[in-house]
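Peer 1: One predicted model, sequence on top.
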Amino acid sequence: MNFKTGDKVAVIAGADRGKEGKITKVLRAENKVIVEGVHMIKKHIKPNGQSAGSITEMEAPINASNVMIIDPKTKKKARIGHIIDKNGKKIRISKKSNEKLD
């Protein structure tokens, strides 16, 4: 998976198609990401001795294949590529503008 926390992405499939947001968490083992403001679900919290019960809204994970990174230069959706610099370090780039993503 090529996504990192803090990447700005656009949703390309599903009920939230067209929405944009930043990645707050990456779940690599499940191939899913959590994007702020996207795929909101209601979570019911049971009352206990200290607090009353409530219903809160939170983001649920979506599949990484349903999001695309937003190119920092063109502000459009792009694919992620990799190049190796002089020091032998792998760097993520945008395929649309060859701009560094890190």
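Peer 2: Alright, I've got the coordinates.

Peer 1: Run through this protein and note the low-pLDDT ranges.
Peer 2: Within the chain, no stretch has pLDDT under 70.

Peer 1: Which helix or which strand is home to the nearest residue to Thr56 once chain neighbours are set aside?
Peer 2: Distance criterion CB to CB, 6 or more residues apart in numbering; nearest residue to Thr56, sequence neighbours excluded, is Lys43 at 5.2 Å. Every C-beta, even on glycine, is put in place using the N, C-alpha and C of the backbone. According to DSSP states H and E, Lys43 maps onto strand 40-45.

Peer 1: Give me the distance from that strand to the chain's centre.
Peer 2: 20 Å (CA atoms, centre = their mean, to the nearest Å).

Peer 1: returning to what we had before: what distance do you get for the residue nearest to Thr56 to Gly53?
Peer 2: Distance of Lys43 to Gly53, given as CB to CB, to the nearest Å: 11 Å.

Peer 1: Lys46 now?
Peer 2: Lys46 is 6 Å from Gly53, by CB to CB.

Peer 1: Check Ile69 too.
Peer 2: Applying CB to CB to Ile69 and Gly53 gives a distance of 39 Å.

Peer 1: got it, and Ile93?
Peer 2: Ile93 is 48 Å from Gly53, by CB to CB.

Peer 1: Any buried residues in the longest strand along the chain, and which?
Peer 2: The residue-count maximum for a strand in the chain (DSSP state E) belongs to strand 20-27. For strand 20-27, the neighbour count (16 or more other CB atoms under 10 Å) marks 20-21, 23, 26 as buried.

Peer 1: And for stretch 95-102?
Peer 2: 96, 101.
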